[in-house]
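Student: structure for the following, please:
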Amino acid sequence: MNKAQHILRSLTTNKLLLVTLLICGPFFQAKVYAQNQLPQFEATDLNGEGRLIPDDFFGRKILLGFAFSNQVQDALQTWIEPIYYEMIDSTSLGSMVYDTEVLLVICFNKANVNFKKKVESELKENVFEECFPNVVLTDSDGARIAELLGVKDIRVPHLFAIDPSGKISYHTSGKYSEGKFDKLSSFLEYE
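Tutor: Next up, the predicted model:
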């Protein structure tokens, strides 16, 4: 057994450490926020309703998709249809399987916070009105949120399954794949 296999084998015996590694990336360079706790931040949905995340959803599972830059658009598009039909659309069979709040968080950094009004306007033109509560924009520093979550590549979307206590259960990133969706959704089903 080579050294890498030995390390991987020893890590799989500690589930918490494995979850931490999934969040922080392979080099463990970023700090893990409060024992895998989602950092608290304020956001406003497309209806203008303020949200305090994760506090406003305490006791509920949450699927959070983060867009930290405008470069995520193509990869993010691949997630929209499966998430909508499985978790948001109340007429689908998925609505009977999943017990989760779904939010897409659009983050801004200090350099592009003035761009927020334009983005908000474009979203209101292109998002179904029934999904306005599911799309939130935050003035909180997106770069800081990414750092606290251990996100290295802000050019791709990041999706987090959050348990009812606000802890991160699972993290994936990049384009949609059935395998990623199955793993992510397994943390969000009714128990």
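Student: which stretches of the protein have low pLDDT?
Tutor: 1-35, 95, 110-113 (pLDDT under 70).
Student: now the strands: where do they sit in it?
Tutor: In the chain, the segments counted as strands under DSSP state E are 41-45, 50-53, 61-67, 100-108, 135-141, 158-162, 168-173.
Student: and those: which comes nearest Gly94?
Tutor: Across those, Gly94 has its closest neighbour in strand 100-108 (10.1 Å, C-beta to C-beta). To be clear about C-beta, it is placed using only N, CA and C from the backbone, and glycine gets the same treatment.
Student: so for the closest one, what gets flagged as buried?
Tutor: Using 16 or more other C-beta atoms under 10 Å as the test for burial, strand 100-108 gives 100-108.
Student: now do that strand: which elements does it pack against?
Tutor: Here strand 100-108 touches strand 50-53, strand 61-67, helix 116-126, strand 135-141, helix 142-149, going by 3 or more C-beta pairs under 8 Å, 6 or more residues apart in numbering; DSSP states H and E.
Student: can you do 10 Å?
Tutor: Judged by 3 or more C-beta pairs under 10 Å, 6 or more residues apart in numbering; DSSP states H and E, the packing partners of strand 100-108 are strand 41-45, strand 50-53, strand 61-67, helix 73-83, helix 116-126, strand 135-141, helix 142-149, strand 158-162.
Student: can you list the strands that that strand pairs with?
Tutor: Pairing partners of strand 100-108, with direction, according to DSSP bridges: strand 61-67 (parallel), strand 135-141 (parallel).
Student: distance from that strand to the middle of the chain?
Tutor: 7 Å (C-alpha atoms, centre = their mean, to the nearest Å).
Student: relative to strand 41-45, how tilted is it?
Tutor: Strand 100-108 and strand 41-45 are oriented at 100 degrees to each other (axes from the mean of the first three to the mean of the last three C-alpha atoms, to 10 degrees).
Student: put the alpha carbons of strand 100-108 into PDB.
Tutor: The C-alpha trace of strand 100-108 is given here as PDB (Å, rounded to 0.1, in the frame of the first residue of the first chain):
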ATOM      1  CA  THR A 100     -35.600  21.400   2.200                       C
ATOM      2  CA  GLU A 101     -35.500  25.100   1.500                       C
ATOM      3  CA  VAL A 102     -33.600  25.900  -1.700                       C
ATOM      4  CA  LEU A 103     -31.700  29.200  -2.100                       C
ATOM      5  CA  LEU A 104     -29.400  30.400  -4.800                       C
ATOM      6  CA  VAL A 105     -27.100  33.000  -3.100                       C
ATOM      7  CA  ILE A 106     -25.600  35.600  -5.500                       C
ATOM      8  CA  CYS A 107     -22.500  37.000  -3.700                       C
ATOM      9  CA  PHE A 108     -20.700  40.200  -4.400                       C
END
